[in-house]
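Visitor: Mind looking at a prediction? Sequence and model below.
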Amino acid sequence: MSVLLETSAGDIVIDLNVDDAPKSCENFLKLCKIKYYNYSPIYGVQRDFSFQTGDPLGPDSKDSDGGTSIWGLLSPSKPKTFTAEINLKFKHKERGTVSLATTQSKTDPDERLAGSQFIITLGDNLDYLDGKAAVFGRVVEGFDALEAINGAFVDDSGRPLKDIRIRHTVILDDPFPDPPGLIEPDKSPVPSAAQLATVRIADDDELEVEEDQEALEKLRREREAKAQALTLEMVGDLPFAEVKPPENILFVCKLNPVTASEDLELIFGRFGTILSCEIIKDKKTGDSLQYAFIEFEKQEQCEMAYSKMQDVLIDDHRIHVDFSQSVSKLSEHWRDGENTKRKTRGGGWGGIRDLEKRRKYRGEEDAGRKSDGKYGLVFDKQKQDRDSRRKRSRKVEIGIVIMIEGAEKQQHFRNFDRGIAVHTSAPSNISFDGVRAITGNLTMVGHKAITNIGANDLQFIGGDLDIQDCPSLQNITFPLLTNVTNLYLQNLASLDTLGFISGLSRADSVHIQNTSLANLEGIGLASGADVMFIAENRHLQDITLQVTNVAQSLSIGDNGDGSVVNLNSLKIAQNLTFWNCQQINIPLLVNVSGTLGVSGNSIEVLIAPNLTTVGGTLAINDNWELTNISLPLLKTIAGGLQVQRNQLVSTVILPALQVVGGATELYGNFTSVSFPSLVDNRGAFSVQSLLNISSSCAYFDKYVGDGGIIKGRYQCANIKAADSPSTPTTAPTDRNITSTSAISNPSSTSTESTGLSTGTKTGLVIGMSLGLLAIGAVVLSLCLKRRRRGRAGDLGKEGDLLPELSAEEKARFEVDSRPVYEVDSGQSVVRPAELPAKRSLDGPGRG
């Protein structure tokens, strides 16, 4: 058994429970049959709670009798009401529950009476109505209509500012016989004069004129515009509905972003006196939105500017001008004046913001009408008894929400206007249940005793969630929270659980440091973040993040032993830094626009199969267990390339690398280094190995020279054990001095047995001569300090023992004696002095 209600918000189908509430269902069906509910207004709208209807005139009419049952209508001698069928087995648990509104009998306190009015719930688990309203059905179709009613703008009494009414009722099935005297009308009756007198703003869909579709659409739009204007007038955002835009304001658009208000005022000032000139800007960034409003003193001046300035070129942009259609200036001026005064005097709503607060989160104290003997069918005097038992409850405004909390808790909090700050004297367990949104920050710093903090209904934090220095905090429970601006969880030694069950979908930055978290479940951020810093969490081994984009930096390190970093969705990042990690997975990473640093880790392999570009420096240093570096698609490194002190890395092959914009610095136990696609190395190029790397150096030697691939200082060498942090497993091999390679000492001091070339012998003589010269300089300095000038001649004679060098030998000596890491001026590279201290290659410990 069902009934269709056709309302101006949409159709609603109600399924009736005729077996358990037969009298209520019969009353409702017969009233629908005689079209009693036609044109009845919807009133008592309480967001996420309920709405009420069934009185043909509504509560605003002085002629309303509150509604009558079918038996009272058919027989005036009978009472208007009947005994309600209240069955406590049926409760208001689900949205869309339909029940008759009741009032307490004056003769029997245990008896409740019902008439024609009924309630439809807009929320779940509304136990307040249980025992007060008689459930007789439920909505099975038309929840979109319920949502439209739920979202309507209403006044203080819950009446929608724009009328929502029942237009027609259609009975789909009626099992009850008609009572004597019931006459069903042939068609829906015309609204009575009393009903028409209650119309505030008529709905748009009452158009039944026989016009073509274009005319109907035009009429609908006109009605919609008028209705919106009337609504704004009623809530206090317009002085009157027929307000017109001023005729002395010019709208200018298509501006160049660099154009300033002063420029426009100077250009348009030739047409007359300008009262104001304003380019509209983005509130967050301050950037120009490329349109402006110019207010002239006279209308004629505005018209002249309109006729002369169309398509004029200003800062290389052709502008467009038109007469302003905005009434914001007029409305704002009026609101700041008259409307504010009206609110202060206690009369009006004071604008749409106050109205929004009232309609959206009204506490139970404001939910219903007080019983006045005529119109108190839902909320009666029992409510006052309940209120007296709950004196300690009060409403507390936090940002844009209302929270019901015990008064004893509220003394610990402050800054309700923009956010919440938890004082250090607050209790050890804190709950913000009932709070849905906080426009400012939620901050708790330095609370030594708190163990739990949560908000089961909180979905949005407009500012920061900042919890720091709370050593006893164990649980953070925000099951519905999805949005914060910045997340700070720092120095929380006992925190082992993140209760972000729904998962954070948006946060500009995330800082998690020094906690006991074992994983990061609940930190979703699939769309990305600006900054992420996750470090020093001693139990954190599974670091799995779903971020696809990091706009500024991501830093992960010094977490639990054996920590595994899974960034399986990351594609783009600006800066990435990893240290003290055991495994790093970046399978989809394509572009790092800044620096990629992998230093001081215990990883065995570093694989980035899709990485093509690094916009800054690529630094792979001090990874003591690293054996394999696989970057098969890496083409460009705009900064420097560093692969240093990775003990077990013997081969460095970057098959696709074409450009290195800074210095290339490799230092370790290499046997092979290969960059087969390299076409441009703009900084210094230094490869030093404790093992035999002669073949690789011979290949790179060909890259040096005027117009060569290597533009900066060049060094490729097998280095001596004495120059390295440890002794190599294989002695380095000598190379000819004609390369710029350094030379290891030969195993024998006999020049005949070594087979040295003439150039090599000459180099040895030069080295010995330099040593003698240095000794002489030291001795000379000592002599001067002691004023023993007599020995200067002897030292000069020792200096005469140096052989005279040829021009070619002098040039070679000058080249070979330059610092290995010196780079031409103007080149941006990272020098060894700026890197972490060298680790021992024999087996470093974790830093």
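Guide: Cool, the structure landed.
Visitor: Pull up the per-residue confidence for Ala811.
Guide: Per-residue confidence for Ala811 comes out at a pLDDT of 45.
Visitor: Residue numbering should commence at 820 henceforth.
Guide: Okay, using 820 as the starting number, the last item reads as Ala1630.
Visitor: Tabulate the CA atom coordinates of stretch 1389-1403 in PDB.
Guide: Provided in PDB are the C-alpha atoms of stretch 1389-1403 (Å, rounded to 0.1, in the frame of the first residue of the first chain):
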ATOM      1  CA  LEU A1389      55.200   8.300  -7.700                       C
ATOM      2  CA  LYS A1390      55.800   9.700 -11.200                       C
ATOM      3  CA  ILE A1391      56.900  13.300 -10.700                       C
ATOM      4  CA  ALA A1392      58.900  15.000  -7.900                       C
ATOM      5  CA  GLN A1393      60.900  18.100  -7.400                       C
ATOM      6  CA  ASN A1394      63.400  16.900  -4.700                       C
ATOM      7  CA  LEU A1395      63.800  13.400  -3.300                       C
ATOM      8  CA  THR A1396      66.100  12.400  -0.400                       C
ATOM      9  CA  PHE A1397      66.600   9.000   1.100                       C
ATOM     10  CA  TRP A1398      69.000   8.000   3.900                       C
ATOM     11  CA  ASN A1399      69.300   4.900   6.200                       C
ATOM     12  CA  CYS A1400      66.800   2.900   4.200                       C
ATOM     13  CA  GLN A1401      67.100  -0.800   3.300                       C
ATOM     14  CA  GLN A1402      65.000  -0.800   0.200                       C
ATOM     15  CA  ILE A1403      63.700   1.900  -2.100                       C
END
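Visitor: low-scoring stretches of the stretch 1420-1569 of the chain, by residue?
Guide: Scanning the stretch 1420-1569 of the chain for pLDDT under 70 picks out 1540-1569.
Visitor: Kindly recompute the last result at 50.
Guide: 1541, 1544-1569 (pLDDT under 50).
Visitor: do the stretch 970-1119 of the chain as well
Guide: For the stretch 970-1119 of the chain, applying pLDDT under 50 flags the ranges 1024-1026, 1028, 1053-1060.
Visitor: how about the helices in it?
Guide: For the stretch 970-1119 of the chain, the helices defined by DSSP state H, counting those that start in this stretch cover 1012-1015, 1032-1054, 1080-1087, 1118-1127.
Visitor: cool, the stretch 1170-1319 of the chain as well?
Guide: Secondary structure of the stretch 1170-1319 of the chain by DSSP H, counting those that start in this stretch: the helices cover 1171-1179, 1201-1208, 1226-1229.
Visitor: State the distance from Asn1465 to Pro1406.
Guide: Taking C-beta to C-beta, to the nearest Å as the measure, Asn1465 falls 22 Å from Pro1406. The C-beta positions use only the backbone N, C-alpha and C, and glycine is treated the same way.
Visitor: Which one of those two is surrounded by more residues?
Guide: More neighbours sit around Asn1465 than around the other of Asn1465 and Pro1406, counting by other C-beta atoms under 10 Å; the figures are 29 against 14.
Visitor: Wasn't that one part of a helix?
Guide: No - residue assignment for Asn1465, taken from DSSP: H, G, I helix; E, B strand; the rest coil, gives coil, which places it outside any helix.
Visitor: I'd say it and Asp1441 touch.
Guide: Yes - because the distance of 7.1 Å satisfies C-beta atoms under 8 Å, Asn1465 is recorded as touching Asp1441.
Visitor: Where among the helices of the stretch 1170-1319 of the chain is average confidence lowest?
Guide: By mean pLDDT, the lowest-scoring of these turns out to be helix 1226-1229, with a mean of 35.
Visitor: Next, find the distance separating Ile1257 from Asp1283.
Guide: Between Ile1257 and Asp1283 the distance is 10 Å, computed by C-beta to C-beta.
Visitor: try Gly1347
Guide: Applying C-beta to C-beta to Gly1347 and Asp1283 gives a distance of 18 Å.
Visitor: Could you tell me whether Lys849 really is in a helix?
Guide: Yes - using three-state DSSP, the assignment for Lys849 is a helix.
Visitor: Who's the closest spatial neighbour of it, skipping the chain neighbours?
Guide: The shortest distance from Lys849 to any residue other than its chain neighbours is 4.2 Å, reached at Ile889 (C-beta to C-beta, 6 or more residues apart in numbering).
Visitor: residues contacting that neighbour?
Guide: Contacts were defined as C-beta atoms under 8 Å, 6 or more residues apart in numbering; by that measure Ile889 touches 845-846, 849-850, 853, 855, 998, 1001.
Visitor: Give me the buried subset of these.
Guide: 845-846, 849-850, 853, 855 (16 or more other C-beta atoms under 10 Å).
Visitor: between these, which is nearest Ala953?
Guide: Proximity of these to Ala953, judged by C-beta to C-beta, is greatest for Asn846, which lies at 10.2 Å.
Visitor: from memory that closest one sits against Gly886, does it?
Guide: No - here Asn846 lies out of contact with Gly886, judged by C-beta under 8 Å, at a distance of 10.7 Å.
Visitor: Could you tell me the end-to-end distance of stretch 926-946?
Guide: Across stretch 926-946, the straight-line distance between its terminal residues is 26 Å, by C-alpha to C-alpha, to the nearest Å.
Visitor: ok, now stretch 1474-1488?
Guide: 20 Å.
Visitor: What are the buried residues along that stretch?
Guide: Taking 16+ other C-beta under 10 Å as the neighbour-count basis, stretch 1474-1488 is seen to contain the buried residues 1475-1488.
Visitor: so of those, which ones are in strands?
Guide: When these are checked against strands using DSSP state E, the ones located there are 1478-1479, 1483-1487.
Visitor: measure stretch 1293-1300 end to end?
Guide: Criterion C-alpha to C-alpha; first-to-last residue distance in stretch 1293-1300 is 18 Å.
Visitor: Now do the buried residues in that stretch.
Guide: For stretch 1293-1300, a neighbour-count test (16+ other C-beta under 10 Å) marks 1295-1297, 1300 as buried.
Visitor: pLDDT (mean, whole number) over it?
Guide: Model confidence over stretch 1293-1300, given as mean pLDDT, is 91.
Visitor: I would like the residues contacting that stretch, please.
Guide: Under the criterion C-beta under 8 Å, 6+ apart, residues 1270-1280, 1284, 1286, 1308, 1313-1321, 1323 lie in contact with stretch 1293-1300.
Visitor: burial of Ser976, as a residue count?
Guide: 13.
Visitor: next one: Thr1258
Guide: Here the count is done by other C-beta under 10 Å, and Thr1258 has 15 residues near it.
Visitor: Phi, psi for it please.
Guide: Main-chain torsions, Thr1258, degrees, to the nearest 10: phi -80, psi -20.
Visitor: confidence score at it?
Guide: In the predicted model, Thr1258 carries a pLDDT score of 74.
Visitor: can I assume it is in contact with Asn1302?
Guide: No - using C-beta under 8 Å, Thr1258 is not in contact with Asn1302; the gap is 11.6 Å.
Visitor: Tabulate the buried residues of stretch 1293-1300 (JSON lines), appending distance to Tyr1518.
Guide: Conversion of these to JSON lines gives the following (distance: C-beta to C-beta, whole Å):
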{"residue": "Ile1295", "distance to Tyr1518": "57"}
{"residue": "Thr1296", "distance to Tyr1518": "61"}
{"residue": "Phe1297", "distance to Tyr1518": "59"}
{"residue": "Leu1300", "distance to Tyr1518": "57"}
